[in-house]
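Colleague: here's a sequence, model it:
(one chain, ligands or ions: 1)
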Amino acid sequence: MKKSVFVSGAHDGTGFAIASRFAKEGYAVFVGSRSIEKAESAAKKLRDSFGVFAKGYAYQTAVLDEKEVQSIFADIRKEGYLLDTLVLNAANLGIGQVSLEVDIADFMGVFTTNIGWNFLMAREAAKQMKEKGGGAIVFIGSNSSVRVTENRCAYCSSKSAINAMSKSFAVDFGKYGIRSNCVLPGMIKTERWENNVNNAKYCLPNYTPIEDIATFEDVANAAYFLGSELSRNTTGAEIVVDGGMLAQLTPNINRELWKK
Ligand SMILES: NC(=O)c1ccc[n+]([C@@H]2O[C@H](COP(=O)([O-])OP(=O)(O)OC[C@H]3O[C@@H](n4cnc5c(N)ncnc54)[C@H](OP(=O)(O)O)[C@@H]3O)[C@@H](O)[C@H]2O)c1
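Modeller: This is a model prediction of the structure:
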């Protein structure tokens, strides 16, 4: 049976790059989105570009509907697959949540998606992987699980919790041949980033020793490594894809000054 992967939040950007990376290797790809139109359109692009089996799924992540999650996996089974790899890329970014003012419902909404829904998806995937004799769960976390940014308390806390959840799955499911790991991107060159003049001007050259941040493909390559047999002896681990941002405490100084 062909290998298969489910990628959440995969209709464009980072998620679509991850889905494409697996499709390039011949995996059947299940594309998740909150919109069925977007999921199906991305699946069609994968079929057309890579000649693989691809199908779109819609879900809601703002409420925890275990039956809906189970129906996704029942359908994957109906299509003749037991999942090999789950990549949890979708996230509530919790942008603009000023800590002194944020409504608690909005704060907790970040945890519903990033922790509750991811937990349900990973648990259901693990049931299929156990039946199959193994599999890989990959969380797209963040380097902000380790060092945080302003007014993103829920997001950063949830990303820290993801690191611990991944380790828990590594420990709980290891005996079934299931591995669980995280990719921790730093800044990614998304449209959001491109359109933010300050990001382009200051962050890229000043906070990474190699003076570059991640592309979609950089994140996708790490996700493919952790989600495939290439990393068969790696579990409970985190791969940082941030150009060295976490390693460096102070911003770069003007290197010309060293010469004076
Ligand atoms: N961008 C960065 O600089 C950066 C840095 C570190 C880590 N990350 C992590 O890398 C992953 C991808 O980042 P990205 O910037 O490419 O993300 P994004 O495009 O903002 O979100 C990825 C996908 O998640 C889904 N999504 C967005 N808001 C959601 C919500 N409230 N609830 C459920 N799903 C939602 C969307 O898919 P649908 O609309 O199709 O559902 C979206 O296409 C995320 O896990 C993010 O936390 C990003």
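Colleague: show me the helices in the stretch 51-200 of the chain, by range?
Modeller: Secondary structure of the stretch 51-200 of the chain (DSSP state H, counting those that start in this stretch): helices at 66-78, 104-111, 118-132, 153-173, 191-194, 197-198.
Colleague: ok, and what's touching the fifth one?
Modeller: The contact list for helix 191-194 (CB atoms under 8 Å, 6 or more residues apart in numbering) reads Gly13, Met187, Asn199, Ala200, Ile213. All C-beta spots, glycine's among them, are computed from the backbone N, C-alpha and C.
Colleague: returning to what we had before: same list, the helices of the stretch 51-200 of the chain, but as TSV with mean neighbour count please.
Modeller: Shown next, in TSV, are the helices of the stretch 51-200 of the chain (neighbours: other CB atoms under 10 Å):
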stretch	mean neighbour count
helix 66-78	15
helix 104-111	15
helix 118-132	20
helix 153-173	20
helix 191-194	12
helix 197-198	8
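Colleague: PyMOL command for the buried members of the contacts of helix 191-194?
Modeller: PyMOL command restricting those to the buried ones, with burial defined by 16 or more other CB atoms under 10 Å:
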select buried, resi 13+187+199+213
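Colleague: and the two most separated of the contacts of helix 191-194?
Modeller: Across the contacts of helix 191-194, the longest distance by CB to CB is 17.3 Å; it joins Gly13 and Ala200.
Colleague: before we move on, back to that, format the helices of the stretch 51-200 of the chain as TSV; extra columns: distance to Glu40 and mean pLDDT.
Modeller: Shown next, in TSV, are the helices of the stretch 51-200 of the chain (distance: least, CB to CB, whole Å; pLDDT from 0 to 100):
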stretch	distance to Glu40	mean pLDDT
helix 66-78	13	98
helix 104-111	26	98
helix 118-132	19	98
helix 153-173	28	98
helix 191-194	22	85
helix 197-198	35	72
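Colleague: could you dump these into TSV with distance to the ligand added?
Modeller: Output for those, formatted as TSV (distance: least, CB to the nearest ligand atom, whole Å):
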stretch	distance to the ligand
helix 66-78	13
helix 104-111	7
helix 118-132	10
helix 153-173	7
helix 191-194	6
helix 197-198	14
